[in-house]
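**Student:** My questions are about this predicted structure, shown below with the sequence.
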Amino acid sequence: MKRLIKLFLIFITLGVISGCNETPEIGLLMDTVELERWVKDRDFFVQKVEELGGTVTVKVADSDADVQFQQALEMINRGVDALVIIPVDMVVSEGIVKMAKRQDIPVISYDRLIRNSEIDFYVSTDNIYIGEQQADFLTKAQPTGNYVLIGGPTSDYNSYQLLLGWKNILQPLIEKGDIKLLGDLFLDSWSADKAYEMMNKILEGGAEINAVLAGNDALAGGAIKALDEHNMTSNVLVAGQDADIAAIQNIILGKQTITVYKPIESLAFSAATAAMDMAKGKDLSGNMTCTVNNGHRLIPSVLLQGQVVNKDNIRMTVISEGFVEEQEIY
């Protein structure tokens, strides 16, 4: 009898040790890596998960919501320990969350909020505040005149949040008659080509433009291309976000006024830490800085602040923090 008890205890101990040695697998579902910033997000995220003893399976949907759904299904069926989603489409991603929760897989919504769903955690920047930062900087430099707003796709909730931030600053000036909106559109993708087409159409109509608020640096770059062709880049203020190398170079050249630097390394590390904690069944209350209402419930969240980058503080911001190398932009 004692021998049986001893063997039983050995088996239990081995089971515990084996469980402790299991390497958590984190699934990372990405929209795209075509834009410069997403490559950085991916690399920082993978680095941090591996430092914490986990592995990452990365799938990129190339901005196809149906592809992302199938990729999610594969990961869920394989039984990943946690799922981190940069959603292509808000509605489709709700279905992904439902599938994951049926298998008791915790889900983090990364950068873009998945609304009306049972996500466990949300990591992003304060996108309303970023919109306010962009609009505040431009209206202080150009408090009157014609403005063009170029928003991202409506399938991305960030587009709505940025627009809300812009309008928080612009609306009083619009009501006073100081600012007039010549364009206020959502595009169907974060595409520089689409932004170029939109801006070119406005310019060919002969309108005078004083400022452009763009949802990211890719859209800002498309607008700048059109302005360049009409010899207007020196006369029009342009705001973007993400601190892409091309945007920093445009700021140096005087073609773009500002971008907003988002602390991507901190975002990725926060998401990686939360994902590993969830994979191990740990409580996330220590990870959160606030809660965000996603239309279904209050979600434990981390919201970080963006920082305006202009020609006067490039070295003090993106270069000093190692986000870009000086030789890359000069």
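**Tutor:** Sure, I can see it. Computed from a prediction, not measured in an experiment: that's the story for all the values here.

**Student:** Test my guess that Q249 contacts V318.
**Tutor:** No - assessed by C-beta atoms under 8 Å, Q249 is found out of contact with V318, at 11.7 Å. The way it works is simple: take the backbone N, C-alpha and C, and place the C-beta from them, glycine included.

**Student:** more neighbours, those two?
**Tutor:** V318 (22 against 15; other C-beta atoms under 10 Å).

**Student:** mind listing the helices for the stretch 1-150 of the chain?
**Tutor:** Per DSSP state H, counting those that start in this stretch, the stretch 1-150 of the chain carries helices over the ranges 2-21, 36-51, 65-78, 90-102, 127-141.

**Student:** looking at these, which is buried most?
**Tutor:** Greatest average neighbour count among those goes to helix 127-141 (a mean of 21), per mean count of other C-beta atoms under 10 Å.

**Student:** what about the spatially most central residue of the chain, distance to H230?
**Tutor:** Residue closest to the average C-alpha location in the chain (C-alpha atoms, centre = their mean): D111, at 3.6 Å. For D111, the distance to H230 (C-beta to C-beta, to the nearest Å) stands at 33 Å.

**Student:** ok, now L284?
**Tutor:** L284 is 51 Å from H230, by C-beta to C-beta.

**Student:** With the flanking residues excluded, which residue is spatially nearest to E132?
**Tutor:** Excluding its sequence neighbours, the residue lying closest to E132 (C-beta to C-beta, 6 or more residues apart in numbering) is G165, at 4.2 Å.

**Student:** so what's the residue nearest to the centre of the chain up against?
**Tutor:** 41, 86, 123-125, 158, 267 (C-beta atoms under 8 Å, 6 or more residues apart in numbering).

**Student:** again, only using 6 Å
**Tutor:** Neighbour list for D111: 86, 124 [criterion: C-beta atoms under 6 Å, 6 or more residues apart in numbering].

**Student:** Could you do E132 as well?
**Tutor:** 165, 168-169.

**Student:** neighbour-wise, which of those leads?
**Tutor:** In the contacts of E132, the most neighbours by other C-beta under 10 Å go to G165, 22 neighbours.
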